[in-house]
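Colleague: Here is the input, now give the coordinates:
(chains A, B, C and D)
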Number of protein chains: 2
Amino acid sequence: MDTAERLITSTQELLRERGYVGTSPKAIQQRAGAGQGSMYHHFTGKPDLARAAISRSAAELRALADQLLSAEGTAIDRVEAYLRRERDVLLGCPIGRLAQDPDIIASPELRAPLDETFAWLRGKLAEVLTEGELRLDPVTTAATIVAVLQGGYVLARAAESVEPFDQAVDGVLALLKGAA
Amino acid sequence: MDTAERLITSTQELLRERGYVGTSPKAIQQRAGAGQGSMYHHFTGKPDLARAAISRSAAELRALADQLLSAEGTAIDRVEAYLRRERDVLLGCPIGRLAQDPDIIASPELRAPLDETFAWLRGKLAEVLTEGELRLDPVTTAATIVAVLQGGYVLARAAESVEPFDQAVDGVLALLKGAA
DNA sequence: GTCTATAAGAAGATAGAC
DNA sequence: GTCTATCTTCTTATAGAC
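Modeller: Have a look, this model is predicted:
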């Protein structure tokens, strides 16, 4: 892996662990094993590097979701597979956690990948639900499902335990199966 | 309002707007119209002031929720009143947004109010659901409801629009009413 | 109680040598 | 491409006068 690549993956990790405001260029350089000159040669500055890292994380999240939601099985099966997929719950969502960052939200360039990722995910889930022919509005139900995941991360971090995340997922799945 | 009080409310505002990592003592002093000496006279430092501000915000959130969830009406009515209460959605939840802050989660003192608030809220909702005698597990359903709110905030901020929050709330209410 | 002075260290770069 | 030096501003206080 070359230096630019190591800088991007280090930034992805740090953004997830500490957010944008909490991540310094110095910390990125140290984790990537790169010097200052190196970082400023490949990227114009912290926002530029963050943009690359966030786009990368967004693409990864999308690929994973697409794989599970486009698989074989009933609509509910696929939604359940997505909700129950393995995650580092206590670390938080690499994309969702950035929505709390004031500097991310203030920058159209940095916020765009978040907006696009969640819009795509809600659309994809709405599609799956429509195929399932459930007696539910696909658009609002899709928003609910994504919100349960994002809120589950929040509750888990507050409790320093995966339990509330798992409970929230169990709860929404019971509701969905009841409506099926 | 005296100086200590103004320091606390200014810190509450800044924690909600910029999080703990993104809030400096200087910014707090300026918003409160207090000097450095004044702040360090009333509080030992930033963590001490944050503790006071977070406890205050937690108590306020609890009082508001308790009022709506303990009101007259069916279980679903009360849950709906709580979900649809007026909120500054785009600002985020004063408590939930702190769950993403690495320094908050790393400090048992600062994380405790978050943990206690969400534990209390889930318990209160589970109580309401139990009274409603719905065919749903009260504990997991309560976790789902709180998660929808917290996730709704995340989606709204990512989209810079209240729409996904409202959709997530509509979706979970439709599911709850379907199960009633 | 509040004010001003001082300070060590981090943040976020830029400049120029190699 | 990478390294070291330099720079300004911010952070998070402490010290002591008023």
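Colleague: Give me the most central residue, chain A.
Modeller: With the centre of chain A defined as its mean C-alpha position, the nearest residue by Cα atoms, centre = their mean is A:Ile95, 3.5 Å away.
Colleague: so what's it up against?
Modeller: Under the criterion of Cβ atoms under 8 Å, 6 or more residues apart in numbering or on different chains, the neighbours of A:Ile95 are A:Ile54, A:Ser57, A:Ala58, A:Leu61, A:Pro113, A:Leu114, A:Thr117, A:Phe118, B:Ala158. For the C-beta atoms, the positions are set from N, CA and C on the backbone; glycine is no exception.
Colleague: rerun that using 10 Å as the cut-off
Modeller: A:15-16, A:54, A:57-58, A:60-62, A:113-114, A:116-118, A:121, A:150, B:154, B:158 (Cβ atoms under 10 Å, 6 or more residues apart in numbering or on different chains).
Colleague: ok, now A:Arg56?
Modeller: When contacts are counted by Cβ under 10 Å, 6+ apart, A:Arg56 touches A:Glu5, A:Ile8, A:Thr9, A:Thr11, A:Gln12, A:Pro94, A:Pro113.
Colleague: go with 8 Å
Modeller: A:Arg56 makes contacts with A:Ile8, A:Thr9, A:Gln12, as judged by Cβ under 8 Å, 6+ apart.
Colleague: And for A:Arg157?
Modeller: A:Leu90, A:Gly92, B:Ala99, B:Gln100, B:Ile105.
Colleague: Now, of the residues you listed, which are buried?
Modeller: Neighbour counting with 16 or more other Cβ atoms under 10 Å in any protein chain shown marks A:Gly92, B:Ala99, B:Gln100, B:Ile105 as buried within the contacts of A:Arg157.
Colleague: how much space between the closest residue to DNA strand D within chain A and chain B?
Modeller: Among all residues of chain A, A:Gly37 sits closest to DNA strand D, at 1.9 Å; criterion: Cβ to the nearest atom of the strand. Remark: distance between A:Gly37 and chain B (Cβ to the nearest Cβ, to the nearest Å) = 27 Å.
Colleague: Any buried residues in the helix or strand hosting that residue, and which?
Modeller: Secondary-structure element containing A:Gly37, defined by DSSP states H and E: helix A:36-42. Of the residues in helix A:36-42, those buried under the neighbour-count criterion (16+ other Cβ under 10 Å) are A:Ser38, A:Met39, A:His42.
Colleague: how about the contacts of A:Arg157, which pair is most distant?
Modeller: Longest distance between any two of these is 11.8 Å, between A:Leu90 and B:Gln100; criterion Cβ to Cβ.
Colleague: Report how many residues lie close to A:Thr117.
Modeller: Residues contacting A:Thr117 under the criterion other Cβ atoms under 10 Å in any protein chain shown number 24.
Colleague: Settle this for me: it is touching A:Arg62, isn't it.
Modeller: Yes: here A:Thr117 lies in contact with A:Arg62, judged by Cβ atoms under 8 Å, at a distance of 6.2 Å.
Colleague: Give me the contact list for the helix holding A:Gly37.
Modeller: When contacts are taken as Cβ under 8 Å, 6+ apart, the neighbours of helix A:36-42 outside the stretch itself are A:Thr3, A:Ala4, A:Leu7, A:Pro25, A:Lys26, A:Ile28, A:Gln29, A:Ala32, A:Leu49.
Colleague: how about the helices in chain A?
Modeller: Secondary structure of chain A, counting by DSSP state H: helices at A:3-18, A:25-32, A:36-42, A:46-69, A:75-83, A:102-106, A:108-131, A:138-159, A:163-179.
Colleague: Could I get the average pLDDT for the fourth one?
Modeller: The reference is to helix A:46-69. Regarding helix A:46-69, the rounded mean pLDDT is 98.
Colleague: what residues are up against A:Ala4?
Modeller: Under the criterion of Cβ under 8 Å, 6+ apart, the contact partners of A:Ala4 comprise A:His42, A:Phe43.
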